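Undergrad: Provided below are the primary sequence and the corresponding predicted coordinates.
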Amino acid sequence: MIDPHMSPEDFRRHGHEVIDWIADYWDTVADQPVLASVKPGDVAAMLPHEAPEHGESFDAVLADLDRVLMPGITHWQHPRYFAYFPANSSPAAILGDLISSGIGAQGMIWATSPAVTELEQVVLDWLARALDLPTAFLNSEGGPGGGVIQDTASTATFTALLAALHRATGGTARTTGVEPARFAIYGSSQAHSSLLKAAMMSGLGEDSVRTIAVDPGSQAMSVPALRNAVAADRERGLTPLMIQAAVGTTSTGGFDPVADLGEIARDCGAWLHVDAAWAGVAAVCPELRWVNAGVGEYADSYVTNPHKWLLTTFDCSAFWVRDRAALIGALSILPEYLRNPATESGAVVDYRDWHPQLGRRFRAVKLWTVLRTYGLEGLRAHLRSGVELAAHFAALVEGDDRFELVTPPSLGLVVFRAIGPEQLTMDLMEAINASGTAYLSHTKVEGRAALRLAVGGWRTTRADVDLTWRELGRLLSS
């Protein structure tokens, strides 16, 4: 039988081809339409119904990458990708991810690869210090808290909710379950949908989530509305379980008042989880550390995503807790096949207890390569560029009487609309996305449509912002 595995020589040759392909892709992506233009089923129709019986050459795979897959790719690394938030990659992160894949370690417990766990502890401490997070969140200070890399902020929110349940029930939730009608969870009307999904997955159900109104101007959670909702639930005999504070909401980049929410959480005994998935990394810049105001004093858990704005290839979501006891208490299971002397000694961290999944990739190595090769100085330059470009675009909007800002610019996010009928704004978005020049997304603010332009790509320049603006004006006039 022919050996189906690549020889080291073939792997080396094809590896060079893949790196060349990626480099060529970066060189030419700005010339491509940002948004994929295929119809539903087009890509699937070009693929065979069954896997090949006999192995094909890797050259054939690379050829089909261009022929079959690329027409169906929306280019998230395009310099004029402004929809949603950036999902940045970078050369350093890709090489780090390649190293991780090559090593192929499974870091479920310390003993299965000590370096996987210990590097993660160290780089999360580096990042926590860079963000000026409280020392209680550090792994190295010998305190009760610590950090872990999750796949996404959605998983972090679910994990925080499980920890909150464990603390609120004294541990009985993991053995006997919970009564859904007993607890209440709070988030603003602008909170990420993952909060609702976390309630669903935990068994508490959608009805346990209280949607709190926001201030029309700032789009931040209304403190009086939250206070009233908590008081009403307590009067009905319900236990306030968790309050989620959004730091940089998806829709408009609004910032909930973490300190005010923290005071309410402390008064009623609720867990305060801070979702700073997009905006939190901005605190690497000292002048932007206001984004995390109140976190140090009040947050029980905190999440931010280096895989959004901090140049680290998806997936890499940094999650910290003030006290790991509730987290580990909620999720720790030790079957016989995972028992080992290091775990039994209590001297190591086994990250299998820090999130729902058992298996875990060596994600820390790509964050390590980013932090080391860019340095904090390089990361600050990237973040500041995004903020400056967004401010430039906002100034263009303010200077044109055909457009208006819907909310004040928020870091790298600008929310705006065309003045006139609501459909005009939606038609403009469809037109610019169809043109291939740029990709924008929309939201609704106080019931009216608005466009979102989120700057943060590592290849985005002022020229890209200006080109997008000119195209918007041309399409609006046509």
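TA: The structure has been received and is ready for your questions.
Undergrad: Which parts of the stretch 351-478 of the chain are helices?
TA: Secondary structure of the stretch 351-478 of the chain (DSSP state H, counting those that start in this stretch): helices at 364-398, 422-435, 462-477.
Undergrad: From the ones you listed, pick the one with the highest average neighbour count.
TA: Of all those, helix 364-398 carries the top mean neighbour count, a mean of 19, counting by mean count of other C-beta atoms under 10 Å. To be clear about C-beta, it is placed using only N, CA and C from the backbone, and glycine gets the same treatment.
Undergrad: Give me the helices and strands touching that helix, please.
TA: If you count contacts as 3 or more C-beta pairs under 8 Å, 6 or more residues apart in numbering; DSSP states H and E, helix 364-398 packs onto helix 91-103, helix 114-130, helix 306-309, strand 403-405, strand 413-418, helix 462-477.
Undergrad: the strands in the stretch 201-350 of the chain, which residues?
TA: 209-212, 239-246, 271-275, 301-304, 317-321 (DSSP state E, counting those that start in this stretch).
Undergrad: between these, which one is nearest to Trp458?
TA: Taking C-beta to C-beta, strand 301-304 is the member of the strands of the stretch 201-350 of the chain nearest to Trp458, at 17.6 Å.
Undergrad: rewinding a little: quickly compare the helices and strands packed on helix 364-398 and say which is most buried.
TA: helix 306-309 (a mean of 28).
Undergrad: Point out where the stretch 151-300 of the chain drops to low pLDDT.
TA: Residue ranges of the stretch 151-300 of the chain with pLDDT under 70: none are present.
Undergrad: any chance you could map the helices in it?
TA: Here the stretch 151-300 of the chain has its helices, by DSSP H, counting those that start in this stretch, at 153-169, 173-176, 194-202, 223-235, 258-268, 295-298.
Undergrad: Correct me if wrong: Lys366 contacts Gly96.
TA: Yes. Here Lys366 reaches Gly96: they are 3.3 Å apart, a contact under C-beta atoms under 8 Å.
Undergrad: what touches both of these two?
TA: Applying C-beta atoms under 8 Å, 6 or more residues apart in numbering, one finds that Lys366 and Gly96 are jointly contacted by Thr313.
Undergrad: Look at Glu297 and say how many residues are nearby.
TA: The tally of other residues near Glu297 (other C-beta atoms under 10 Å) stands at 13.
Undergrad: if I look at it, how far off is Gly142?
TA: As for Glu297, its distance to Gly142 is 21 Å (criterion: C-beta to C-beta, to the nearest Å).
Undergrad: Now render the helices of the stretch 151-300 of the chain as a markdown table, adding distance to Ala326.
TA: Below are those laid out as a markdown table (distance: least, C-beta to C-beta, whole Å):
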| stretch | distance to Ala326 |
| --- | --- |
| helix 153-169 | 4 |
| helix 173-176 | 10 |
| helix 194-202 | 14 |
| helix 223-235 | 20 |
| helix 258-268 | 14 |
| helix 295-298 | 16 |
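Undergrad: Identify, out of the ones you listed, the most deeply packed stretch.
TA: Comparing the helices of the stretch 151-300 of the chain by mean neighbour count (mean count of other C-beta under 10 Å), helix 153-169 ranks first with a mean of 24.
Undergrad: Which neighbouring elements make contact with that helix?
TA: Applying 3+ C-beta pairs under 8 Å, 6+ apart, we find helix 153-169 packed against helix 173-176, strand 183-188, helix 194-202, strand 239-246, strand 271-275, strand 301-304, strand 317-321, helix 324-331.
Undergrad: Specify the stretch among the ones you listed that is closest to Pro4.
TA: strand 317-321 (35.5 Å).
Undergrad: Next, the angle helix 324-331 makes with the closest one.
TA: 110 degrees (axes from the mean of the first three to the mean of the last three C-alpha atoms, to 10 degrees).
Undergrad: Mind listing the strands strand 317-321 pairs with, and their directions?
TA: Paired with strand 317-321 in the same sheet, following DSSP bridges, are strand 146-150 (antiparallel), strand 301-304 (antiparallel).
Undergrad: any idea how far that strand is from the chain center?
TA: Taking C-alpha atoms, centre = their mean, to the nearest Å, one finds the center of strand 317-321 at 11 Å from the center of the full chain.
Undergrad: buried sites along that strand?
TA: Buried positions in strand 317-321, judged by neighbour count with 16 or more other C-beta atoms under 10 Å: 317-321.
Undergrad: before we move on, the earlier item: export the helices of the stretch 351-478 of the chain to JSON lines and tack on distance to Ser208 and mean pLDDT?
TA: Below are the helices of the stretch 351-478 of the chain laid out as JSON lines (distance: least, C-beta to C-beta, whole Å; pLDDT from 0 to 100):
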{"stretch": "helix 364-398", "distance to Ser208": "34", "mean pLDDT": "97"}
{"stretch": "helix 422-435", "distance to Ser208": "34", "mean pLDDT": "95"}
{"stretch": "helix 462-477", "distance to Ser208": "42", "mean pLDDT": "96"}
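Undergrad: hang on, Met108 packs against Leu358?
TA: Yes. If you go by C-beta under 8 Å, Met108 and Leu358 touch, sitting 5.2 Å apart.
Undergrad: coming back round to it: of the helices and strands packed on helix 364-398, give the one that comes closest to Gly447.
TA: With C-beta to C-beta as the criterion, Gly447 lies closest to strand 413-418 of these, at 12.3 Å.
Undergrad: What angle do helix 422-435 and that closest one make with each other?
TA: Going by the same axes, to 10 degrees, strand 413-418 makes 120 degrees with helix 422-435.
Undergrad: So the chain: which segments form each domain?
TA: The record's domain parsing of the chain by automatic domain parsing lists 105-361, 370-477.
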